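> need a structure here:
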Amino acid sequence: MREDALTSNSTTSQVPVGLLTCQHTPYLRQFNTTVLSCSKKPNKQKLYEVQLQDTILFPEGGGQPCDFGTINENIEVKNVQRVGTSHVHHTTAPIEEGIEARLEVDWKRRFDHMQQHSGQHLVSALFEQPEYGCDTLAWGMNATRCHVELSKAPTPEQVQEVEERLNLYIRRNYPVHVTFTEERPATLPKDYVGPNGVFRVIEIMEDLDVIASEQDPLNTNPSEKKRGLVRLDYNPCCGTHVKSLKDLQCIKLLHQEKIRGNNCRLFFVCGQRALDLLQESYQVTKDLAPVLSAPGGPETYVDTIVKNQKAARETVKQVKNLLKEIAAYQVRDWASELKEKNPIASQEDGKTTSAPYLVKYHRDDVDMDFLGVITALLKDNDLIQGQRIFILSAGDKKEGGPMIIVGQSDEAVKKIATEVTKLIDIKGGGKGRWQGKSKSWQGLDSAWAAAEALVHAE
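Next up, the predicted model:
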């Protein structure tokens, strides 16, 4: 917080974080309070830093993002931060100090955060039960998903069992209590001092009476019912929470990600996020039907994809075989051309020689594999002899692609490659066989002409 945000109205103190109205009355959507101070200039984010006496806008902390909202209807609050036990609102316009301010919270965002945060407490509480033994080491919330970092990865069977229990507890509608303790939790930030020496705790209790009623709906054995409560969750927390589990609506556990050591991240969504995810998934499956030519709906997708993949593999195999035939025909044509125009002569030392000769070849609809097949066929047919140089390239003219330059003389190949790279945006290397990849084939004709001139100048 900026120093110039700490001026005036020093006689009125702030309600500290831990006792804020947003924390003890999280369902309150509008609220009046007093402006204690406002920075004279905006900060680097072009926002003014405002201190209010109390607030219904939650300051970021405990893994929960801050609330958004408005002050006096037209001033937007873009950020709320905790500084020790103080709270600072970052606004789009300055506010006169000492006046009454009417706050309104972005309720959709707030309730979403309440659902996810309370859901996280319940998820962690269940995975920490002795039968699962997965301790929560951290948690996080973004705009679409939440996750808990667990000390070990639960099995698929355990995940399914926990999800069923989570939604059972939601149907049982256990209350979520806010209580306080004088014992400082070790997980709290070092700069946080509990107001009045106490610390806020969230508690969820399992009601044995509810369980007994489920097991004996007709109340035939009232004396045998187990009366009382069993603690599910008891953890320090500064966040905003639902008042009872029914407001979570539902919880869906998603995928896991392996991270350091044996730890894993387990992703989940609660409430409206689960419904949004269901709608998105449904829309995707609906849109996929015509793409996959699967009018039978999602039930036929797997079989359709398997068939399509098999057909695609067969098509790729056929294309490769056809390209091999094309490559063979091309090399055969070159063999005839070279026999007539660039014959090989034997020298007394047994080596072969020929006049300088350049073969240029480009095809838009092939790749490096095809060029590799041609190069292998050139070697198999003993066409890379004498002073012959082959420049082979492939790919769309605008997108570029691979190039191979091959010849019997390493020095000649290097000279040609150096000349080509001056005229084409391409990088590569190699000895005897130079290969590279271009970003486009602009300048290819000029490169061919320069290579032709260089070959015949030798």
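
> got the residue ranges for the helices in the stretch 1-150 of the chain?
Listed in chain order, the helices found in the stretch 1-150 of the chain under DSSP state H, counting those that start in this stretch are 21-24, 107-127.

> and what of the stretch 151-300 of the chain?
With DSSP H, counting those that start in this stretch as the criterion, the stretch 151-300 of the chain has helices spanning 156-172, 208-215, 272-292.

> which regions of the stretch 251-400 of the chain sit below the pLDDT cut-off?
Applying pLDDT under 70 to the stretch 251-400 of the chain flags residues 347-350.

> Which strands or helices does the host helix or strand of residue 453 pack on?
For residue 453, the host element (DSSP states H and E) is helix 444-457. Counting contacts by 3 or more Cβ pairs under 8 Å, 6 or more residues apart in numbering; DSSP states H and E, helix 444-457 packs against strand 357-363, strand 388-394, helix 410-423. Using the backbone N, CA and C atoms, a C-beta is placed for each residue, glycine as well.

> who wins for proximity to residue 295 among the helices of the stretch 1-150 of the chain?
helix 107-127 (36.7 Å; Cβ to Cβ).

> returning to that earlier point: what about the helices of the stretch 151-300 of the chain, which gets the closest to residue 64?
helix 272-292 (14.4 Å).

> Tell me what angle the helix or strand just after that closest one forms with helix 272-292.
With elements assigned by DSSP H and E, the helix or strand that comes after helix 272-292 is helix 301-341. Orientation check (axes from the mean of the first three to the mean of the last three Cα atoms, to 10 degrees): helix 301-341 against helix 272-292 gives 50 degrees.

> Give the next helix or strand downstream of helix 301-341.
Following helix 301-341 toward the C-terminus (DSSP H and E): strand 345-346.

> Tell me which residues are up against that next one.
Contact with strand 345-346 is made by 352, 353, 354, 386, as judged by Cβ atoms under 8 Å, 6 or more residues apart in numbering.

> For PyMOL, write the select line for the buried members of these.
Applying 16 or more other Cβ atoms under 10 Å to these, the buried members can be selected in PyMOL as follows:
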select buried, resi 354+386
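
> Looking at the contacts of strand 345-346, which one is closest to residue 98?
Nearest to residue 98 among the contacts of strand 345-346, with distances taken as Cβ to Cβ, is residue 386, at 95.1 Å.

> and the chain, what are its domains?
3-105, 111-280, 326-457 (automatic domain parsing).

> which non-adjacent residue is nearest residue 259?
residue 265 (5.9 Å; Cβ to Cβ, 6 or more residues apart in numbering).

> how many neighbours does residue 159 have?
20 (other Cβ atoms under 10 Å).

> and it, what pLDDT?
In this prediction, residue 159 carries a pLDDT score of 98.

> distance of it from residue 265?
13 Å (Cβ to Cβ, to the nearest Å).

> Equivalent analysis for residue 232, please.
Taking Cβ to Cβ, one finds residue 232 at 22 Å from residue 265.

> same thing with residue 73?
41 Å.

> Of the two, give the one with the bigger neighbour count.
More crowded of residue 73 and residue 265, by other Cβ under 10 Å: residue 265, with 19 against 7.

> got the contact list for that one?
147, 148, 149, 150, 256, 257, 259.

> Out of the residues you listed, give me the one that has the most neighbours.
Most surrounded of these: other Cβ under 10 Å gives residue 150, at 26 neighbours.

> ok but residue 436 is inside a strand, no?
Yes. Judged by DSSP: H, G, I helix; E, B strand; the rest coil, residue 436 forms part of a strand.

> Tell me the pLDDT of it.
94.

> Mind listing the residues bridging to it?
Residue 436 has the following beta-bridge partners by DSSP bridges: residue 403, residue 428.

> That one touches residue 428, doesn't it?
Yes. Residue 436 is in contact with residue 428 according to Cβ atoms under 8 Å; the separation is 1.9 Å.

> who touches both of the two?
403, 417, 421.

> what about stretch 438-445, how long is it end to end?
Start to finish, the residues bounding stretch 438-445 are 14 Å apart (Cα to Cα, to the nearest Å).

> Oops, could you answer that again for stretch 69-83 instead?
First residue to last in stretch 69-83 (Cα to Cα) measures 19 Å.
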